[in-house]
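K.L.:
pasting the structure only:
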């Protein structure tokens with residue numbers, strides 16, 4: 001349940017505003033210290049025209065190389081046409097994808113497993129809207145988020161329009177989904 005998961009992740013730690021990530025009873029990273037903006041640092045353009053797959057892949061690689069951190073998506077529509085894979089190879093680390101102010105939309109224009117987290121201890125996805133093919137409510141040819149060998153994942157305050165969410169039983173434990 002979410003209370004047990006919050007205790008596991010220590011999300012309600014006073015003074016950290018819910019930004020302390022834990023792994024096996026050790027602090028992995030205080031993501032407040034590692035916020036990285038996709039638009040200013042990695043060149044993501046939220047205009048629904050530019051394909052941002054390569055820039056987001058570069059950003060996730062940088063987070064992996066730093067043993068974790070938070071990537072902030074800009075307001076607007078960030079188009080992704082292609083697959084993005086994050087593989088920590090079992091190393092310690094945590095990834096948080098965060099929307100900026102409630103109007104961060106990720107348009108999934110292509111790819112089969114658009115954002116794949118593999119061998120990542122912790123993943124948090126918060127405050128993002130994922131948009132598939134406009135007008136197509138059930139586009140199951142695309143999985144916006146794919147979790148493989150992830151110890152814990154939280155998806156909260158997110159919306160999925162025209163997409164599928166795939167979390168195989170053996171891939172994520174525990175998994176908390178709080179979206180529409």
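P.N.:
Here it is on my side, so go on. Remember, it's a predicted structure, so these values are computed and weren't measured experimentally. Numbering: from 1, shown residues only.

K.L.:
From the contact counts, what lies against the longest strand anywhere in the chain?
P.N.:
Longest strand in the chain by number of residues (criterion: DSSP state E): strand 152-161. Packing contacts for strand 152-161, counted by 3 or more C-beta pairs under 8 Å, 6 or more residues apart in numbering; DSSP states H and E, involve helix 2-9, strand 122-126, strand 129-131, strand 143-148, strand 175-179. Where you see a C-beta, it was placed from the backbone N, CA and C, and this is true even at glycine.

K.L.:
at 6 Å instead, please
P.N.:
strand 122-126, strand 129-131, strand 175-179 (3 or more C-beta pairs under 6 Å, 6 or more residues apart in numbering; DSSP states H and E).

K.L.:
mind listing the helices for this structure?
P.N.:
2-9, 38-42, 53-65 (DSSP state H).

K.L.:
Lowest average confidence across those, which one?
P.N.:
The weakest mean pLDDT among the helices of the chain belongs to helix 2-9, with a mean of 39.

K.L.:
The longest strand of the chain pairs with which strands?
P.N.:
Applying DSSP bridges, strand 152-161 is found paired with strand 122-126 (parallel), strand 129-131 (parallel), strand 175-179 (parallel).

K.L.:
Any idea which of those strands has the lowest pLDDT on average?
P.N.:
strand 175-179 - the lowest mean pLDDT of those, at a mean of 45.
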